[in-house]
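Participant: Let's see this in three dimensions:
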Amino acid sequence: MKYVVSLNNKNYEVDVEERSAVLVGVNDVPVATSAPVLAPAPTAAPAQAPVAVGSGTSITAPMPGNILSVSVSAGQSVKQGDLLLILEAMKMENEIMAPVDGVVKQVLVSKGNVVNTDDVLVVL
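Facilitator: Sure thing, here's the model as predicted:
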């Protein structure tokens, strides 16, 4: 597929294939002022100090990703299958559900946190 990429008021024609990208040409045509401007990439949340995990059923991250929302709080009763939080990974939203009935003892993440595989998210 061919794309036109605008950078520093120059248009670059790029031919992209499954495993490669080739620069086809450069045009000195000014970019229209109505061209969309990309926002800067979001910065990662600052590293958190280690938190002591209490005893109970630990719900861990199945994959690395970003926490989009947290639906529970400490002290809340949950039933098996209740939504605990939503984890975004590879542009997909993954619902993390309660594996058992119980009471939420700890919520170790909040919206916007970046987590790694096997990080503890919630303790029941």
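
Participant: going forward, measure contacts and count neighbours with C-alpha atoms only.
Facilitator: Noted.

Participant: Might one say that P99 is in contact with G81?
Facilitator: Yes. Using Cα atoms under 8 Å, P99 makes contact with G81 at a distance of 6.2 Å.

Participant: So between those two, which is more surrounded?
Facilitator: P99 (17 against 12; other Cα atoms under 10 Å).

Participant: Please give me every residue in contact with the more buried one.
Facilitator: If you count contacts by Cα atoms under 8 Å, 6 or more residues apart in numbering, P99 has them with Q80, G81.

Participant: Repeat that for A74.
Facilitator: By Cα under 8 Å, 6+ apart, the neighbours of A74 are V103, V104, K105, Q106, V107.

Participant: Looking at the residues you listed, spot the one nearest V5.
Facilitator: V5 has its nearest neighbour among these in V107, at 43.1 Å by Cα to Cα.

Participant: The closest one and E13, how far apart?
Facilitator: Distance of V107 to E13, given as Cα to Cα, to the nearest Å: 48 Å.

Participant: So these two - more neighbours on which side?
Facilitator: It is V107, of V107 and E13, that has more neighbours when counted by other Cα under 10 Å, with 20 against 17.

Participant: Need the nearest residue in space to the more buried one, chain neighbours excluded.
Facilitator: V122 (4.6 Å; Cα to Cα, 6 or more residues apart in numbering).

Participant: from memory the one you found sits against G102, does it?
Facilitator: No. Between V122 and G102 there is no contact under Cα under 8 Å: 11.6 Å.

Participant: Pick out whichever of the two has more residues nearby.
Facilitator: V122 (27 against 17).

Participant: Output the contacting helices and strands for the helix or strand harbouring the more buried one.
Facilitator: Using DSSP states H and E, V122 sits in strand 120-123. Contact here means 3 or more Cα pairs under 8 Å, 6 or more residues apart in numbering; DSSP states H and E; on that basis strand 120-123 packs against strand 58-60, strand 106-107.
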